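Peer 1: predicted coordinates and the sequence they were generated for:
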Amino acid sequence: VANLGLKSIVLTGRSYPNWCIVRIDGGSVYFDDASEYLGLGVYETAERLKAHYGVKCAMLIIWPGGERQSLAAGVQNLDKDGSPTRICARGGLGALMGSKQVKAIIFQSDGEKRNTLSHPEKVAALRKVYNQALLNDSFVKTLTTFGTASNTLVDNQVGALPTRNFSSGTFEGAEQISGETFYEQMKVRRGNPSHACMAGCVIRCSNSFPDEIGNTLVSPLDFETIAMLGSNLGIDDLDLIAQVNAELNDIGLDTIEMGAALGVAADGGVWKFGDKEKLRELIGEIRAGTPLGLLLSNGAYQTGLALGVKRIPVVKRQAMAAYDPRVLKITGITYATSAQGADHTAGMTLRGGSKTQTPDDLLEYSRNLQIENAALDSIGACLFAGSGFKSTPQFVPELMRAVFDAQVGADFMASLGQQTLAWEWEYNQKVGFTHEDDRIPEWMQ
């Protein structure tokens, strides 16, 4: 996309009466008929699109979940290997794209390499400094070895691992789904525990998780999915979690939201926690679009309302990720005060808060995390990339000068994060969110 000289595109209205593929080829935009791709899962859709448009295209794709405008639907991207498994998962973006009757957005390069950098040599020098800072970081080293699955035992040890619809914070099967077991299983099966989701990444926290004969089941299998489809459902089987992950990817649904919805459904008597065969059946119903499947695909909040369940782990109607706010109080503050609701990427920490910290201290900690993460999101950086920025605080201002010839001060990231949060809250107010939405559920208090 950068090679096309584009920073953003805006879709207004919707394709009518037919579904379309928005194709950007060089400086031109086309609206191709999408009829033959409707109803197809993401994997088959991606293969057909690559066969038709070429393997070097960048793609955004929705699947049956987005076509049905399910509230848990996301938008899928290709990774550097051409696998359509990188999902903009949270907040129902797939439903939004589906409401416009757009099956895919495709970016085709015209072959011309555009230099969009003001000072390429400075960018190259900064890249070396930044990459070395990442490689020296102990947190990054853990991510490179175990990926985000390293959080499983830590979360369990502090009592924050969601278990059986957040009825507990510890899971007796945590060891079986831990990052350490995950890593050893991949070594035996010749999987890839240190996979880069995009070219040039030195963190490599992604993975390619194989079955018993070495074929990839899913890439990646992350901690939030392991917890929400594992401990939260009473499941201690990594293979089953990976299989369900792959199925939900193909349908186009957020695994965090779906794990929460399935947990609520178990509390509602639809199935029993830990019932592996029934879990597979429910995933089949979601794919088939049965009434129950459609309900589940609209997420935890809608599922809980329909089934009369009291324990619904949501804030602003968005499912909590794999961190129990009753223990991780700073994360709980983020859930309650962020514009996104229960989104761990808004500002999560595994720190619960010490006895010497006042409520104001915890609030300030959450606030600073939210500002930092909003700024990283705004510059298009991975949240884990912040580890490199912290050790080189002047990096981003220097990078802005090298890339855009923009003169920004040392407070650039803080100002950017604060402005982003202000816009997010302004949007929330315009669409009707009130302070009544800004609270952890009463059953958690």
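Peer 2: Arrived safely, thanks for sending.
Peer 1: can you check the pLDDT for the residue most central in space within the chain?
Peer 2: The residue lying closest to the centre of the chain (CA atoms, centre = their mean) is Ala89, at 5.0 Å. The per-residue pLDDT reported for Ala89 equals 93.
Peer 1: quick one: residues contacting it.
Peer 2: Applying CB atoms under 8 Å, 6 or more residues apart in numbering, one finds that Ala89 lies in contact with 74, 254-257. For every residue, glycine as well, the C-beta is placed using N, CA and C.
Peer 1: most neighbours out of those, which is it?
Peer 2: Glu257 (33 neighbours; other CB atoms under 10 Å).
Peer 1: the nearest residue to it once chain neighbours are set aside - how many residues pack around it?
Peer 2: Distances taken as CB to CB, 6 or more residues apart in numbering place Ala72 nearest to Glu257, at 4.1 Å, with adjacent residues excluded. Counted by other CB under 10 Å, the residues lying close to Ala72 total 32.
Peer 1: does Ala72 touch Ser297 like I think?
Peer 2: Yes - taking contacts as CB atoms under 8 Å, Ala72 lies within contact range of Ser297: 5.5 Å.
Peer 1: could you count how many residues lie near Leu49?
Peer 2: 24.
Peer 1: tell me which helix or strand it sits in.
Peer 2: Counting by DSSP states H and E, the element that carries Leu49 is helix 42-53.
Peer 1: and the next element down the chain from that helix?
Peer 2: strand 58-61.
Peer 1: list the contacts of that following strand.
Peer 2: 1, 42, 45-46, 49-50, 75-78, 84, 97, 103-107.
Peer 1: picking up where we left off before, who touches both of Ala72 and Ser297?
Peer 2: With CB under 8 Å, 6+ apart as the test, Ala72 and Ser297 both reach 65, 253, 258, 261.
Peer 1: got the CA positions of the lowest-mean-pLDDT helix or strand in the chain in CSV?
Peer 2: Using mean pLDDT, DSSP states H and E, the weakest-scoring helix or strand in the chain turns out to be helix 386-391, at a mean of 78. Taking Å, rounded to 0.1, in the frame of the first residue of the first chain, the C-alpha atoms of helix 386-391 are listed here in CSV:
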residue,chain,number,x,y,z
GLY,A,386,7.0,-0.1,22.3
SER,A,387,9.8,-2.1,24.0
GLY,A,388,12.2,-0.6,21.5
PHE,A,389,10.9,2.9,21.8
LYS,A,390,11.3,2.9,25.6
SER,A,391,15.0,2.3,25.4
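Peer 1: next helix or strand past it?
Peer 2: helix 395-404.
Peer 1: tell me the pLDDT of Ala2.
Peer 2: Reported pLDDT for Ala2: 68.
Peer 1: hang on, the earlier thing: helices or strands next to the least confident helix or strand of the chain in the packing?
Peer 2: Packed against helix 386-391 by the contact rule (3 or more CB pairs under 8 Å, 6 or more residues apart in numbering; DSSP states H and E) you find helix 120-136, helix 138-146, helix 359-378, helix 395-404.
Peer 1: return the member of the contacts of Ala89 nearest to Gly386.
Peer 2: Ile256 (20.9 Å; CB to CB).
Peer 1: what is the burial count for the nearest residue to Val396 once chain neighbours are set aside?
Peer 2: Among residues not flanking Val396 along the chain, Met413 sits closest, at 5.5 Å (CB to CB, 6+ apart). Neighbourhood size, Met413 [other CB under 10 Å]: 24.
Peer 1: and Met198, by the same measure?
Peer 2: Met198, neighbours per other CB under 10 Å, totals 11.
Peer 1: find the nearest non-adjacent residue to it, please.
Peer 2: The nearest residue in space to Met198 (CB to CB, 6+ apart) is Lys80, at 5.4 Å.
Peer 1: pLDDT wise, what is that neighbour at?
Peer 2: For Lys80, the predicted pLDDT is 88.
Peer 1: list phi and psi for it.
Peer 2: Dihedral pair for Lys80: phi -70, psi -20, per degrees, to the nearest 10.
Peer 1: same question for Lys278.
Peer 2: Torsion angles, degrees, to the nearest 10, at Lys278: phi -70, psi -40.
Peer 1: what's the span of stretch 103-112, first residue to last?
Peer 2: 27 Å (CA to CA, to the nearest Å).
Peer 1: over to stretch 334-353?
Peer 2: 13 Å.
Peer 1: buried ones in that stretch?
Peer 2: For stretch 334-353, a neighbour-count test (16 or more other CB atoms under 10 Å) marks 334-349, 352-353 as buried.
Peer 1: over to stretch 380-395?
Peer 2: So, applying 16+ other CB under 10 Å, buried residues of stretch 380-395: 381, 384-389, 392, 395.
Peer 1: likewise for stretch 318-333?
Peer 2: Under 16+ other CB under 10 Å, the buried positions of stretch 318-333 are 318-325, 327-333.
Peer 1: for stretch 15-35, same thing?
Peer 2: 15, 19-24, 34.
Peer 1: need the worst-confidence member of those.
Peer 2: For the buried residues of stretch 15-35, the pLDDT minimum is Ile24, 93.
Peer 1: so what's that one up against?
Peer 2: 4, 6, 9, 30, 105-108.
Peer 1: closest one of those to Met400?
Peer 2: Leu6 (19.0 Å).
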